[in-house]
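Student: Need coordinates for the following:
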Amino acid sequence: MAVPQPNIIWIGTKGRNVTYMPGMVKQALVLHIMSGTLEGCDSWFSNSAAQASTHYGIGKDGEIHEYVDPMGDYMQWSNGIVNRPWQTVIDLMAQNPGDNPNAWSVAAEFEGYAGDVYTDAQIAAGTQLFAWLIEQLGIAADESHLLGHNEFDSVNRPQCPGQPGHIWLAFEQGIADWLQREAYGLTPGAYPGPV
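Tutor: Numbering: from 1, shown residues only. Next up, the predicted model:
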């Protein structure tokens with residue numbers, strides 16, 4: 001049985017803060033923390049001064065906003081520079097030499113600030129969204145393809161998304177539950193990052 005598409009509210013970026021890049025093949029899902037509110041991101045990503053965008057924003061109440069369609073031809077600007085990346089990112093970059101990591105990743109910003117832990121509603125919405133994207137885009141459902149922003153930039157973004165180990169486990173388990181395949185490569189406790 002296919003994962004049902006969650007309720008997604010289209011916001012867009014008014015054509016700003018994106019790059020036209022047809023033919024992208026998405027291979028990873030990236031979690032972020034907004035350092036702000038969902039309402040703030042709605043206006044920020046359409047502001048040319050932002051120089052940033054993302055695919056999705058997930059509010060503390062579980063509401064999902066979409067800014068850039070990951071199945072379209074425009075690349076979001078979410079992961080910034082790559083600075084002392086984790087091995088997970090190094091491996092994906094080796095598989096995609098010369099490609100901007102934004103081209104092969106789908107990013108979701110979760111409402112909150114550094115130190116905030118995702119709410120139960122955010123986890124529920126995020127796991128359904130990511131499981132749906134895994135099915136729609138053919139992304140591998142394992143720890144090597146479920147990344148934190150800190151894995152791209154461990155120097156300047158060490159606390160993004162800044163979630164403790166039990167939240168990562170809840171996320172992995174929630175995705176596995178949606179996919180109805182507990183042994184689909186998401187092994188609780190195997191996340192290779194700090195807890």
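Student: hey, let's count contacts and neighbours off CA atoms from now on
Tutor: OK.
Student: So the spatially closest residue to Thr37 that is not a sequence neighbour versus Glu66, what's the distance?
Tutor: Distance criterion CA to CA, 6 or more residues apart in numbering; nearest residue to Thr37, sequence neighbours excluded, is Glu111 at 5.2 Å. Glu111 is 13 Å from Glu66, where distance means CA to CA, to the nearest Å.
Student: Please state the offset of the helix or strand bottoming out on mean pLDDT in the chain from the chain centre?
Tutor: Of all helical and strand segments in the chain, the minimum by mean pLDDT, DSSP states H and E falls on helix 165-179, at a mean of 92. Taking CA atoms, centre = their mean, to the nearest Å, one finds helix 165-179 lying 14 Å from the centre of the chain it belongs to.
Student: cool, stretch 44-64 as well?
Tutor: Put simply, stretch 44-64 sits 12 Å off its chain's centre (CA atoms, centre = their mean).
Student: Please tell me how far Ala114 sits from Asn17.
Tutor: Ala114 is 23 Å from Asn17, by CA to CA.
Student: the more surrounded of those two?
Tutor: Asn17 (23 against 15; other CA atoms under 10 Å).
Student: What residues does the more buried one make contact with?
Tutor: By CA atoms under 8 Å, 6 or more residues apart in numbering, Asn17 lies in contact with 45-48, 50-53, 76-77.
Student: Kindly export whichever helix in the chain runs longest (C-alpha atoms) in PDB.
Tutor: The longest helix of the chain (DSSP state H) is helix 120-137. Written as PDB, here are the backbone C-alpha positions of helix 120-137 (Å, rounded to 0.1, in the frame of the first residue of the first chain):
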ATOM      1  CA  ASP A 120       5.300  15.100  18.200                       C
ATOM      2  CA  ALA A 121       3.200  16.800  15.500                       C
ATOM      3  CA  GLN A 122       6.400  17.800  13.600                       C
ATOM      4  CA  ILE A 123       7.700  14.200  13.800                       C
ATOM      5  CA  ALA A 124       4.300  12.800  12.700                       C
ATOM      6  CA  ALA A 125       4.100  15.200   9.700                       C
ATOM      7  CA  GLY A 126       7.800  14.900   8.800                       C
ATOM      8  CA  THR A 127       7.900  11.100   8.800                       C
ATOM      9  CA  GLN A 128       4.800  10.800   6.600                       C
ATOM     10  CA  LEU A 129       6.200  13.500   4.200                       C
ATOM     11  CA  PHE A 130       9.600  11.800   4.000                       C
ATOM     12  CA  ALA A 131       8.100   8.300   3.600                       C
ATOM     13  CA  TRP A 132       5.900   9.600   0.800                       C
ATOM     14  CA  LEU A 133       8.900  11.300  -0.800                       C
ATOM     15  CA  ILE A 134      10.900   8.100  -0.500                       C
ATOM     16  CA  GLU A 135       8.200   6.300  -2.500                       C
ATOM     17  CA  GLN A 136       7.700   9.100  -5.000                       C
ATOM     18  CA  LEU A 137      11.400   9.800  -5.700                       C
END
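Student: Would you mark the buried spots in it?
Tutor: 122-134 (16 or more other CA atoms under 10 Å).
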